[in-house]
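> next one to model:
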Amino acid sequence: MANRDKRCLLTLSILLVGLIFACLIGIMIGSVSIHPLIVLKIWIHKITGELIMEPTWNNIQETIVLNIRTPRVILAMLVGMGLAISGAAMQGLFRNPMAEPYVLGMSSGAALGASLAIVLGAGKIFGSLSIPALAFIGATITIFVVYNIARTEGNVPTETLLLAGIAVGFFLYAVVSFLKLIASNESLRDVTLWLMGSFALSTWADVKMVILPLLGGIGVLY
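Next up, the predicted model:
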């Protein structure tokens, strides 16, 4: 095995251990602290159905671990995977290490779509899928607008594309700020939490909604 392959394998191993450690910390810490051994026991019992060690937890701790914190941590991990693979794909597509969703305005477009859905109450009318759907539509429209603004005589210079993305992104974020200004207190809170990337109310239903499109997108990109 070449030295470069050894370094890559070592790096991936360290990152994997760090990921597992971060997930464990994320489940342990909260308003109710839970010992790491109890977390492991609950997971083992849930996966195997067997009590390998004497049970030392109660129903409240099991509910917190399995139904509140574990889906939140798994969803955060999946979102991180999506951000990593999409960022690498954009840098490869535009052949520029500066290319990323914020620079090209996609994040602002997604924020505008989600903010519109929240402020207009689309989530209450059409269900929870309406917010991510409008965010996706907003991001897609934005990248097409940026691409057409940057196109000159059939060519799309990278520098022009990045500048157009920054300009459109600032404009769309100004619209988001206006929506926050006119939103009700409840809508303002929801918009702020969405923009901050909060996973506070994540459930297993959210994990199921994200995992298939994410894995399908990764497969298509590969």
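> in terms of helices and strands, where is the residue nearest the centre of the chain?
Centroid-nearest residue in the chain, with CA atoms, centre = their mean: Val79, separated by 3.1 Å. Using DSSP states H and E, Val79 falls within helix 70-94.
> ditto for Trp43
Using DSSP H and E, Trp43 falls within helix 36-48.
> report pLDDT for Glu54.
Here the pLDDT value assigned to Glu54 is 58.
> what do you get for Ile25?
pLDDT, Ile25: 92.
> Ser33 versus that one, what's the distance?
Distance of Ile25 to Ser33, given as CB to CB, to the nearest Å: 11 Å. C-beta here means a position set from N, CA and C on the backbone, and glycine is covered the same way.
> those two: who's more crowded?
In terms of neighbours (other CB atoms under 10 Å), Ile25 is the more surrounded of Ile25 and Ser33; the figures are 12 against 7.
> flag every buried residue along stretch 147-158.
Neighbour-count burial for stretch 147-158, counted by 16 or more other CB atoms under 10 Å, picks out Ile149, Ala150.
> please look at Ile149 and Ala164 and confirm they touch.
Yes: Ile149 is in contact with Ala164 according to CB atoms under 8 Å; the separation is 4.3 Å.
> using CSV, write out every CA atom in the host helix or strand of Ile149.
Element membership of Ile149 [criterion: DSSP H and E] is helix 130-150. Output of helix 130-150 as CSV, limited to C-alpha atoms (Å, rounded to 0.1, in the frame of the first residue of the first chain):
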residue,chain,number,x,y,z
SER,A,130,-44.0,22.1,1.5
ILE,A,131,-41.2,23.9,3.3
PRO,A,132,-38.3,21.8,2.0
ALA,A,133,-40.1,21.6,-1.4
LEU,A,134,-40.2,25.4,-1.8
ALA,A,135,-36.6,25.7,-0.5
PHE,A,136,-35.5,23.3,-3.2
ILE,A,137,-37.5,25.2,-5.9
GLY,A,138,-36.0,28.5,-4.7
ALA,A,139,-32.5,27.2,-4.8
THR,A,140,-33.0,25.7,-8.3
ILE,A,141,-34.5,28.9,-9.8
THR,A,142,-31.7,30.9,-8.2
ILE,A,143,-28.9,28.9,-9.8
PHE,A,144,-30.6,29.2,-13.2
VAL,A,145,-31.0,32.9,-12.8
VAL,A,146,-27.3,33.3,-11.8
TYR,A,147,-26.2,31.1,-14.6
ASN,A,148,-28.1,33.1,-17.2
ILE,A,149,-26.9,36.5,-15.8
ALA,A,150,-23.3,35.3,-16.0
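> can you give me the buried ones in that helix?
Residues of helix 130-150 classed as buried: 130-135, 137-139, 142-143, 145-146, 149-150 (neighbour count, 16+ other CB under 10 Å).
> right, and the helix or strand after that helix?
The first helix or strand that comes after helix 130-150 along the chain, using DSSP H and E, is helix 158-182.
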